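Enquirer: what's the 3D shape of this:
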Amino acid sequence: MANEQTTEQAEAAMPDWSAYRGVLIVVEQRDGVAKKVSWQLLGEGKKLAAKLDAPLMALVLGEGVAHLAEEAVHYGADRVYLCEAPELRTYRTRPYSRVCLKLIEEAKPEIVLFGATATGRDLAGAIATHLPTGLTADTTQLDV
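Expert: Numbers count the residues shown, from 1 in each chain. Prediction:
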């Protein structure tokens, strides 16, 4: 009986995953220059989005990085979210993770991809602790 209640409580706490669609790439940049891995991820994300018949989204965070949002469209993003603020100029886990979590809550992507860099690993780990989902690190091949 106790096991049944625990399972029911866990299921009630889970979000309605049917509302989640699309692939989101978090574009990593330093001093206004995107890391090459971001554009590589957009290419892989485009393949996943096509298989899912879903949009490919990109998130660009920083200060003075609007040009990277335009570049993300060039690399295949259907939709780009741009968040510019002085406190996002240099990567720090807390401000970046707050923006990412807010966007994930609003845009509802079913897949979020980060580069396998020190920043990407830090940010993905910080975000995963707040979401009822898993985290796969250092992936070399993606498919759905």
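Enquirer: Val80 sits in which helix or strand?
Expert: Using DSSP states H and E, Val80 maps to strand 79-84.
Enquirer: Go through that strand and flag the buried ones.
Expert: In terms of neighbour count (16 or more other C-beta atoms under 10 Å), strand 79-84 has its buried residues at Val80, Tyr81, Leu82, Cys83. All C-beta atoms are positioned from the backbone trio N, CA, C, and that covers glycine.
Enquirer: Does Glu28 touch Gln40 like I think?
Expert: No: the criterion here is C-beta atoms under 8 Å, and Glu28 misses it with Gln40 at 11.0 Å.
Enquirer: Pull the distance from whichever strand or helix holds Arg98 to the chain's centre.
Expert: Under the criterion of DSSP H and E, Arg98 resides in helix 93-107. Computed by C-alpha atoms, centre = their mean, to the nearest Å, the chain-centroid distance of helix 93-107 equals 9 Å.
Enquirer: same question, stretch 45-53
Expert: Computed by C-alpha atoms, centre = their mean, the chain-centroid distance of stretch 45-53 equals 15 Å.
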